[in-house]
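> sequence and predicted model, in that order:
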Amino acid sequence: MKKLKIVLLAALCGAVVMSCEKEDATQVENENKTMNQVSTGTGGSMAQFTIIDSYLYTVDYKSLKVFLISDPANPELLETINLGVGIETIYPENDHLFIGTQNGVLIYDVTNPRSPEKVSEVDHVTSCDPVIANDHYAIATLRGGTPCNGNLNVLDIIDIEDLSNPILVASRELINPYGLGFSNTNENIIYVCDGYAGLKAYDISNLDMIEEVMFMEELEAIDVIAREDNSLVVLTRQGIYQFDASNATNLVQKSFIGIQ
């Protein structure tokens, strides 16, 4: 498998995207700022690590690792948790970790940051599976036709009001899905990177009729990060775009860094 690592430049400092593909693996990383105290990192849906306060959580193909990084020069491995196989991505939300696997979504409680505890899981057909979450939903894309196996290409929306009993409540067919992210300006809008089928935005306010409200077909999009300044960073096969996303469905390009 071929891997391409791109380091985002200073203009994108503070955001981290780690994209692990099982077919044409693309990894994107940007170094978090380290001051006197390590703060929570900002990552894309395809990240394989995340930072919460003084703790770094990483996933590899079969495990979750916890590191203490209060002294960044001397990180300390605190715990390794066996998760099985096919582990792909990690996403933090409200003292929980949402871990995308080739067979489902795992939810871990990190109220005690040194000792994550499994809360629940949602199974799905075997496929590549990045996942994001907010107060109400965990949302995942499933991509078939890859070494992850499976043949479905869909967006799954999972109700997590009761974290101990997550329930799949809606799905929508996609074409070539990769990463995804929430809009910072409209809680009902999610961005979906549909690979060669472009960058799309969906309105999920009505789960019985998930509506496509934006389509940028020229972008072969892989992952996104919605930043607090209302910028949207989009990783594509061509390079890294930054958009003003103050209007969630009318993106205005701010910058572009090409991939050589």
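Received it, and whenever you're ready, just let me know what you need.

> any stretches of the stretch 51-200 of the chain with poor pLDDT?
125-127, 145-150 (pLDDT under 70).

> and for residue 249, nearest residue in space, chain neighbours not counted?
Leaving aside its chain neighbours, residue 249 sits nearest to residue 214 (4.3 Å; criterion: C-beta to C-beta, 6 or more residues apart in numbering). Where C-beta positions appear, they are placed from N, C-alpha and C, glycine not excepted.

> right, and residue 128 touches residue 142 too?
Yes. Using C-beta atoms under 8 Å, residue 128 is in contact with residue 142, at 7.2 Å.

> so between these two, which is more surrounded?
Neighbours were counted for residue 128 and for residue 142 using other C-beta atoms under 10 Å; residue 128 has more, 28 against 25.

> I'd like to know how far the more buried one sits from residue 61.
13 Å (C-beta to C-beta, to the nearest Å).

> kindly report the same for residue 108.
17 Å.

> the two - which one has more neighbours?
The residue with more neighbours, out of residue 108 and residue 61, is residue 108; 22 against 15, by other C-beta under 10 Å.

> hmm, residue 95 and that one touching each other?
No. Counting by C-beta under 8 Å, residue 108 does not reach residue 95; the two are 9.8 Å apart.

> can you give me phi and psi for the spatially most central residue of the chain?
Nearest to the mean C-alpha position of the chain, by C-alpha atoms, centre = their mean, lies residue 45 at 0.6 Å. When read as degrees, to the nearest 10, the backbone of residue 45 gives phi -70, psi -20.

> in contact with it, which residues?
89, 91, 100, 130, 131, 132, 179, 180, 181, 223, 224 (C-beta atoms under 8 Å, 6 or more residues apart in numbering).

> of all those residues, which two lie farthest apart?
For those, the farthest-apart pair by C-beta to C-beta is 100 and 224; their separation is 15.2 Å.

> which non-adjacent residue is nearest residue 79?
residue 66 (4.5 Å).

> show me what that neighbour bridges to in the sheet.
Beta-bridge partners recorded for residue 66 (DSSP bridges): residue 57, residue 79.

> how about it, what does it touch?
Residue 66 sits next to 55, 56, 57, 77, 78, 79, 80, 81, 113, 114, 115, 116 when contact means C-beta under 8 Å, 6+ apart.

> ok, and the most crowded of those residues?
residue 57 (25 neighbours).

> residue 136 and residue 159 touch, don't they?
Yes. In this structure, residue 136 is within contact of residue 159 by C-beta under 8 Å, at 7.2 Å.

> just to revisit the earlier point, let me have the contacts of residue 66 in CSV, extended by distance to residue 229.
Putting the contacts of residue 66 into CSV (distance: C-beta to C-beta, whole Å) gives the following:
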residue, distance to residue 229
55, 25
56, 24
57, 25
77, 34
78, 33
79, 35
80, 36
81, 35
113, 27
114, 32
115, 34
116, 31
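
> for these, which one is nearest residue 70?
residue 55 (8.6 Å).

> excluding covalently adjacent residues, which one is nearest to that closest one?
residue 113 (4.6 Å).

> now that neighbour: how far from residue 61?
With C-beta to C-beta as the criterion, residue 113 and residue 61 are 23 Å apart.

> and the helix or strand harbouring residue 255, what does it pack onto?
Residue 255 belongs to strand 252-258 when assigned by DSSP states H and E. If contacts are counted by 3 or more C-beta pairs under 8 Å, 6 or more residues apart in numbering; DSSP states H and E, strand 252-258 sits against strand 239-244.

> name the residues of the strand it packs on that are buried.
Within strand 239-244, the residues scored as buried using 16 or more other C-beta atoms under 10 Å are 240, 241, 242, 243.
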